[in-house]
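> Next comes the sequence, and after it the predicted model I'd like to discuss.
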Amino acid sequence: MRIALYARVSTVKQAEKDLSIPDQLRQMRDWCKANGYTVIMEYVEPGASATDDKRPVFQQLIAEATLKPSSYDAVVVHSLSRFFRDSLEFGLYERKLNKADVKLISIIQQTSDDPSGEMARKIFSIFDEYQSKENSKHTLRAMKENARQGYFNGSRLPFGYKTIEAEATSNKPKKKKRIAIDEQEAVTVRKIFDLYLNGYRGQSMGSKQIAVHLNERGLTLRGTQWARNRIHEILSNPVYKGECIFNKRDAKNQKNKPESEWVRMAVEPIIEQSIFEAVQVRKASRAPSQIPPRIVNSPTLLTGLLKCGCCGASMTLATGKGGRYRYYKCNTRISKGNTLCDSRSFPMEKIDALVLNALADKVFDPKRVKTMLSDMKKQIKANQESQDDGLKKLTKELEGLKIKTERLYQAVEEGYLPLDSSLQERSHKLQARKQELLIQVAGYRQQQQLPEIKQNQLEAFTKALRNKLLDRSSGFGKEYLKLLVNEIRIKDNQAEITGSYS
């Protein structure tokens, strides 16, 4: 018989360090030689699970074995588990080989071709699947406990972090790994959060603009160019506020598991929690479900806000004289013809200036800002009771932390506890939590103690805001329009701006 050999191990690490594949091949070659069979081809799959068919070498074997006429008379494996560990998939692929008159043979689980042999192969396959699932269950349980103890399980490291060796808590001499901040990469992470929140030279930036900004300055993602999706991943990952989540996603169906199965592992944060939360709020406000992407991304000031007063359609940018003149024109007239709407085109620069000046006059007037501050104080006073409750809870937790820390130091001083790495880590966690609580307490007190603003300060403040708003190069005007304005409806010589008071 003409034979194709198939050897497999589950992980690349096994392939690199284990002797399993050479041993499988040696035993299969000896078996073929003893039976007088000719080995035509050897297929080796280093690092692929047999629980599914997403194996390139396996697919190549099946494709070449089922050619007409077939290149082989039989596919030989060491054990049937090397071929598949899923009984249903095993049966499907064995049937595919049988249709091409190619046998599947295991050198250590040999069966006959009659019904009893077929039943034996099915039983072997069911046991292989059961063993695979049991192994997965126990491995996952061990990995979850490993994560609970603060050790790294070996997935892709988040950008900004590195692994360091740490002594394991068990009696085994093998060292485990923890996640620590990579200061060189952390600088870029902090820059990404800062650019998203504060923009660059007055211009707001989204994920795509940040990626371009970093690439232009030679700041790479571990040697590769930044892309929008990787920036988005960093801005969304809670690891940067000190919370690494293990067992969140199911690798097979690429869906999130129930939150009860997640394991949260504390790591050293790169970004303050308040900054991380502010980024999440900003992302939510810029989501396509909340605001159309054309408003966020378009350089044109009033895109997405300007509506035709005649037919209600959006107005968009149109040009004339080879781009020398720019207008806002009704979309109905552009796409369906001038007969369906009788509105005219409006010069872009003139409309932009009128809208920004109206916004400056209405919003950045000293009297209005004073009224807004007064309303803000009333709201804070109304929320005083809930804020007092929050302050009491924070103060109580601070007192509890103080007691815990003093007890810890006392236990070390009196010799009840050794001053080892685990104790130091516990102490650092208590100190970090204390700093978080102090920042939150300061935030509450700052809200409750808004200073009195003098008239000359109000006037200087509103004047500076007005100048910034009217400076078209700053990008400030577009940001405030997105924040305050819902719609600008224009008809004849009148534009009506509507927005939310809140």
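Structure's in. What do you need? Numbers count the residues shown, from 1 in each chain.

> Identify the residues contacting the nearest residue to P366 once chain neighbours are set aside.
The shortest distance from P366 to any non-neighbouring residue, by C-beta to C-beta, 6 or more residues apart in numbering, is to L458 (4.6 Å). No exception for glycine: its C-beta is placed from N, CA and C like everyone else's. Contact analysis of L458 by C-beta atoms under 8 Å, 6 or more residues apart in numbering lists 366, 369-370.

> Same check on M265?
147-148, 150, 179, 243-246.

> Buried among those residues? Need that as a selection in ChimeraX.
Buried residues among the contacts of M265 (16 or more other C-beta atoms under 10 Å), as a ChimeraX selection:
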select :147,150,179,244,245,246
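
> neighbours around F476, how many?
20 (other C-beta atoms under 10 Å).

> pretty sure it contacts K468?
Yes. With contact defined as C-beta atoms under 8 Å, F476 counts as touching K468 (4.6 Å).

> T303 falls within a helix, correct?
No. Counting by DSSP: H, G, I helix; E, B strand; the rest coil, T303 is not part of a helix but coil.

> burial measure for it, as a count.
19.

> ok, of the contacts of L458, which come out buried?
Here, 16+ other C-beta under 10 Å leaves 366, 369 buried among the contacts of L458.

> Could you let me know which of the contacts of L458 ends up closest to S274?
V369 (25.1 Å; C-beta to C-beta).

> So the closest one: helix, strand or coil?
helix.

> ok now do C311, which residues does it touch?
330, 332, 340-341, 343.

> Check L80 too.
By C-beta under 8 Å, 6+ apart, L80 lies in contact with 90, 104, 106, 109, 121, 124-125, 128.

> Return the distance of I351 relative to A495.
From I351 over to A495 the distance is 7 Å, taken as C-beta to C-beta, to the nearest Å.

> Same check on G218?
If you measure G218 against A495 using C-beta to C-beta, the figure is 45 Å.

> ditto for H428
Distance, H428 to A495, using C-beta to C-beta: 58 Å.

> the more surrounded of the two?
Using other C-beta under 10 Å as the criterion, H428 and A495 rank with A495 on top: 18 against 11.

> ok so the more buried one is a strand residue?
Yes. The assignment for A495 by three-state DSSP puts it in a strand.

> is it in a bridge, and if so with what?
I490 (DSSP bridges).

> Pretty sure I245 sits in a strand.
Yes. Judged by three-state DSSP, I245 forms part of a strand.

> List the residues that contact it.
Residues near I245 by C-beta under 8 Å, 6+ apart: 238-239, 262-265.

> Of these, which is the most crowded?
Most neighbours among these, by other C-beta under 10 Å: V239, with 23 neighbours.

> Need the three-state assignment for the closest residue to that one other than its chain neighbours.
Take V239 and drop its neighbours on the chain: the residue closest to it by C-beta to C-beta, 6+ apart is P158, 4.8 Å away. Assigned by three-state DSSP, the conformation of P158 is coil.

> when you give positions from now on, start the count at 29
I'll keep to 29 as the first residue from here, and by that count the last item is P186.

> Next, work out how far apart P186 and P97 are.
P186 sits 52 Å away from P97, going by C-beta to C-beta.

> Who has more neighbours out of those two?
P186 (18 against 6).

> Can you give me the pLDDT of the more buried one?
pLDDT for P186: 88.

> ok, it - contacts?
Here P186 is in contact with 207, 262, 265, 267-268, 272 (C-beta under 8 Å, 6+ apart).
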